[in-house]
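Colleague: structure for the following, please:
(one chain, ligands or ions: 1)
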Amino acid sequence: MHRRALQTLCLVPLLAPCFTLGCRDGGADTPIKASEKFEAARAWKHMQAQIAFGARPAGSPAAAELRDWLVAELAALKLSPVREAFTAEGTPRGSVAMENVYADLEGQPGPDGAPAPMICLGAHYDTKRMDFEFLGANDGASGVAALLELARVLSNAEQSAVTYRFLFLDGEEAMRFTWRDPDNCYGSRHHVRQLTQTFGALKRIKAFILLDLVADEDLHLELDSNSTRRLLAIFRKAAKGLGDEEIFARYWNPIRDDHEQFKLRGIPALDLIDLHFGPQANEYWHTSQDTLDHCSMESLQRVGNLVLAALPQVAADFGR
Ligand SMILES: [Zn+2]
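Modeller: The predicted structure follows:
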């Protein structure tokens, strides 16, 4: 009760921050001309929509239904979603059909007509396969929900100097209960492998930012020692600018997640994740307690504000 009361008090000043977008040549931030703000209520509806599909493990009919919904949502934003279907071979469950979905919001081409450098924002949409109906409100649905709302806001903003790729990843979760390589990150591993097979595609991606478990009502994003420090520094500075330094935890924690696959290929990468989901430690994670009533709309708002506040500097520092 006490925590909820505090959150309500904090909500108002966090709703209307001023965002800026970076420009490619000067490195300075320029004011954003966005007709929309990040609306957590919209993101919350995206969480509800995903949970309504039930458990959504990789290869399940529910995951396929969710993909169709995702494609329709992206198309409604006038983006052109791409389905990246593949078969994950040799998993503990044999061959599993999977599919990433992504859409690009093109930035201004260079003077020579070259495509704008790309910043990729990602989230995994699969939920962990369990022996009960694991709904993954936070672990799965929250990142996708925030990413879809970010796609809406950025689509309504003035064209950026960078292209944004909104990447919805399949197969992040391990098929086995425990996380043991290479039984995890099937979608991100496939996506970066595809990038290496298209001339110039890997080089075009200047940074990868991952959203995962971002709706904990007691939100403290990890100081992930596996993330690129320069990217994390930009986000911490942006949080400070928003008066929300508390959004980050105080202690370093090495996180293994989809961002690793990008880092392995030399792409600067950051994971925005709170892996302390629950009142004590991480007791709601991968349990039947990962439900909407342990998530918070305000946390989504804070994360949305943070990403929008940080992106201009990411574009300025990395997008060239
Ligand atoms: Zn998980």
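Colleague: for the ion, what is the nearest residue in this protein?
Modeller: Closest to the ion within the chain is residue 139: 4.1 Å, counting by CB to the ion. Any C-beta I mention is one placed from the backbone N, CA and C, and that applies to glycine too.
Colleague: list the contacts for that residue?
Modeller: Residues near residue 139 by CB atoms under 8 Å, 6 or more residues apart in numbering: 127, 128, 212, 213, 277, 285, 286, 290.
Colleague: for residue 63, same thing?
Modeller: By CB under 8 Å, 6+ apart, the neighbours of residue 63 are 56, 57, 125, 126, 170.
Colleague: just the element for the nearest residue to residue 151 once chain neighbours are set aside, please.
Modeller: Distances taken as CB to CB, 6 or more residues apart in numbering put residue 166 closest to residue 151, at 4.6 Å, once the chain neighbours are dropped. Using DSSP states H and E, residue 166 sits in strand 163-169.
Colleague: quick one: average pLDDT of the strand ranked longest in the chain?
Modeller: The longest strand of the chain (DSSP state E) is strand 94-105. Taken as a whole, strand 94-105 has a mean pLDDT of 98.
Colleague: so which elements touch it?
Modeller: Applying 3 or more CB pairs under 8 Å, 6 or more residues apart in numbering; DSSP states H and E, one finds that strand 94-105 contacts helix 61-76, strand 82-91, helix 143-155, strand 163-169, helix 186-196.
Colleague: report the buried residues of the third one.
Modeller: The neighbour-count criterion (16 or more other CB atoms under 10 Å) identifies 143-155 as the buried residues of helix 143-155.
Colleague: what's the answer for the last one, then?
Modeller: When burial is assessed from 16+ other CB under 10 Å, helix 186-196 yields the following buried residues: 186, 187, 188, 189, 190, 191, 192, 195.
Colleague: next up, the contacts around residue 266.
Modeller: residue 202.
Colleague: is any part of the strand holding residue 166 close to the ion?
Modeller: No: using CB under 5 Å from the ion, we find that strand 163-169 stays clear of the ion, coming within 12.1 Å at best.
Colleague: so that strand versus strand 94-105, what angle?
Modeller: 160 degrees (axes from the mean of the first three to the mean of the last three CA atoms, to 10 degrees).
Colleague: grab the CA positions of strand 163-169 and hand them over as PDB.
Modeller: Extracted as PDB, the C-alpha positions of strand 163-169 are listed here (Å, rounded to 0.1, in the frame of the first residue of the first chain):
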ATOM      1  CA  THR A 163      16.800   4.500 -38.500                       C
ATOM      2  CA  TYR A 164      15.100   2.800 -35.700                       C
ATOM      3  CA  ARG A 165      14.600  -1.000 -36.000                       C
ATOM      4  CA  PHE A 166      11.900  -2.400 -33.600                       C
ATOM      5  CA  LEU A 167      12.800  -6.000 -33.200                       C
ATOM      6  CA  PHE A 168      10.500  -8.500 -31.500                       C
ATOM      7  CA  LEU A 169      12.500 -11.700 -30.800                       C
END
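Colleague: ok, back up a step: now mean pLDDT and distance to residue 40 too, for the helices and strands packed on strand 94-105, in TSV please.
Modeller: Below are the helices and strands packed on strand 94-105 laid out as TSV (pLDDT from 0 to 100; distance: least, CB to CB, whole Å):
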stretch	mean pLDDT	distance to residue 40
helix 61-76	98	16
strand 82-91	97	27
helix 143-155	98	8
strand 163-169	98	18
helix 186-196	97	26
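Colleague: endpoints of stretch 150-161, how far apart?
Modeller: Length of stretch 150-161, first residue to last, CA to CA, to the nearest Å: 17 Å.
Colleague: just how off-centre is it within its chain?
Modeller: 16 Å (CA atoms, centre = their mean, to the nearest Å).
Colleague: what of stretch 159-169?
Modeller: 12 Å.
Colleague: same question, stretch 270-286
Modeller: 15 Å.
Colleague: in that stretch, what counts as buried?
Modeller: For stretch 270-286, burial by neighbour count (16+ other CB under 10 Å) applies to 270, 271, 272, 273, 274, 275, 276, 277, 278, 284, 285, 286.
Colleague: next one: stretch 127-140
Modeller: Neighbour count says stretch 127-140 has 127, 128, 129, 130, 134, 135, 136, 137, 138, 139, 140 buried, by 16+ other CB under 10 Å.
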